[in-house]
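sharing a model prediction with you, sequence too.
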Amino acid sequence: MTPLLGAHMSIAGGVDRALERGASIGCASVQIFLKGNMQWHSRLYASDEIYRYRDRLNDTGITTVFAHSSYLINPATPNTIMRKKSVAAIIDEIERATTLGIPFIVMHPGSHMGKGEKTGLDRAAKCLDEAFHATRCSPVKIALETTAGQGTCLGYRFEHLAKIIDTSRFPKRLAVCIDTCHLFAAGYDIRTKLGYEQTMKQIDTTIGSHQVVAFHLNDSKKMLGSRVDRHDHIGKGFIGLDAFHSVLSDIRWCGIPMVLETPKGENMREDVQNLGVLRSLLVNR
């Protein structure tokens, strides 16, 4: 069983259109936003849009669809108003994902805004718990994403994600998404086989590989340990092809979705090229 390769797809024109776009370039998996990625509020899905989405899902052959949360959400914020908005937004996105049958939403752990990592991690767990309690009948999980660690952002160490999961009252509603660009920018050197295996061992001993439900496959425009989040095309950045070969050939990740978040234009030509590179690595694994 091979990884489910795909890309992030736009929902412009309706959530069903993301599936059409993904299918048109042969995606086995697709990541979408559930609403505008820089909006607190958005229109509800129309009943015919939900019907079309489910219909397209059956027709396209796409195996897995998952979501990425709005970038405005900050579970670790010390600001009371921002925290209330974040909780409400998480609840809204979980409800949207439940409606569409989407299993998990990828989310950044947030920024502590100068209050310290320990305080930020505790706030993130409590914020997520509040949203989980409000949606306790939903099976939808939050997949905490590894980050580059820019500024006061949390999630650049595996221990951060483990702390949130261990602190939460709803640990079974939490999972992890690994972003290769973020991993590298945070200082995890996955360029060599040895470096990759050492990094995977750290995942196993902190969060556990069983918690990983998705990958973002992105090369990095910035150097190792830069703590700067800048995605590049596969094999064109500082990470290089060997790391992606290691990910794709790792039997731990067989059957889980791996999507591109690399730069692209209107016609998805870059997605086609990047997926072609990844598929060539699969052939040689």
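Noted; the coordinates are in hand. Because the structure is predicted, anything quoted here is derived from the model rather than measured.

contacting residues around residue 53?
For residue 53, the contacting residues are 14-16, 19, 45, 100, by CB atoms under 8 Å, 6 or more residues apart in numbering. The C-beta positions use only the backbone N, C-alpha and C, and glycine is treated the same way.

which residue comes closest to residue 213 once chain neighbours are left out?
Counting by CB to CB, 6 or more residues apart in numbering, the nearest residue to residue 213 once its immediate chain neighbours are dropped is residue 175, at 4.4 Å.

ok, and that neighbour, which helix or strand is that part of?
strand 174-179 (DSSP states H and E).

show only the entries of the contacts of residue 53 found in strands.
Among the contacts of residue 53, no member is found in strands (DSSP state E).

could you export those residues as TSV, including neighbour count?
Listed next are the contacts of residue 53 as TSV, based on neighbours: other CB atoms under 10 Å:
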residue	neighbour count
14	17
15	26
16	22
19	27
45	19
100	20
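
what's the most distant pair in those residues?
Farthest-apart pair in the contacts of residue 53 is 19 and 45; separation 13.9 Å (CB to CB).

rewinding a little: check which helices and strands the strand holding residue 175 sits against.
strand 141-145, helix 158-167, strand 212-217 (3 or more CB pairs under 8 Å, 6 or more residues apart in numbering; DSSP states H and E).

per-residue confidence for residue 284?
pLDDT for residue 284: 64.

and for residue 41?
pLDDT, residue 41: 81.

low-confidence ranges in the stretch 151-285 of the chain?
Across the stretch 151-285 of the chain, the ranges flagged by pLDDT under 70 are 284-285.

the strands in it, which residues?
For the stretch 151-285 of the chain, the strands defined by DSSP state E, counting those that start in this stretch cover 174-179, 212-217, 219-220, 231-232, 257-260.

make CSV from those and add distance to residue 74 to it.
Conversion of these to CSV gives the following (distance: least, CB to CB, whole Å):
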stretch, distance to residue 74
strand 174-179, 17
strand 212-217, 19
strand 219-220, 24
strand 231-232, 21
strand 257-260, 23
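
can you redo those strands as CSV with distance to residue 57 and mean neighbour count?
Formatted as CSV, the strands of the stretch 151-285 of the chain follow (distance: least, CB to CB, whole Å; neighbours: other CB atoms under 10 Å):
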stretch, distance to residue 57, mean neighbour count
strand 174-179, 21, 26
strand 212-217, 17, 23
strand 219-220, 30, 26
strand 231-232, 27, 20
strand 257-260, 14, 27
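
between those strands, which gets nearest to residue 192?
strand 219-220 (15.3 Å).

against which helices or strands is that closest one packed?
helix 180-185, strand 231-232.

I'd say residue 83 and residue 89 touch.
No - counting by CB atoms under 8 Å, residue 83 sits too far from residue 89 to count as a contact (10.6 Å).

and these two? which has more neighbours close in?
residue 89 (22 against 19; other CB atoms under 10 Å).

what residues are bridge-paired with residue 175?
residue 143 (DSSP bridges).

show me the contacts for it.
Counted by CB under 8 Å, 6+ apart, residue 175 has contacts 104, 141-144, 211-213.

hmm, back to that, how far off centre is the strand holding residue 175?
For strand 174-179, the separation from the chain centroid amounts to 6 Å (computed by CA atoms, centre = their mean, to the nearest Å).

one more: stretch 229-249?
For stretch 229-249, the distance to the chain centre is 16 Å (CA atoms, centre = their mean).

can I get that stretch as CSV, trimmed to CA atoms?
Provided in CSV are the C-alpha atoms of stretch 229-249 (Å, rounded to 0.1, in the frame of the first residue of the first chain):
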residue,chain,number,x,y,z
ASP,A,229,8.4,29.1,7.0
ARG,A,230,8.9,29.4,3.2
HIS,A,231,7.7,26.5,1.0
ASP,A,232,9.5,25.5,-2.2
HIS,A,233,8.9,23.0,-5.0
ILE,A,234,10.0,19.4,-4.4
GLY,A,235,13.7,19.0,-5.0
LYS,A,236,14.2,22.7,-5.6
GLY,A,237,14.9,23.9,-2.1
PHE,A,238,17.4,23.2,0.7
ILE,A,239,15.9,19.8,1.7
GLY,A,240,16.4,18.0,-1.7
LEU,A,241,15.0,14.8,-3.1
ASP,A,242,16.6,12.2,-0.8
ALA,A,243,14.4,13.2,2.2
PHE,A,244,11.2,12.8,0.2
HIS,A,245,12.4,9.4,-1.0
SER,A,246,12.9,8.5,2.7
VAL,A,247,9.3,9.6,3.6
LEU,A,248,7.7,7.9,0.6
SER,A,249,9.6,4.6,1.2
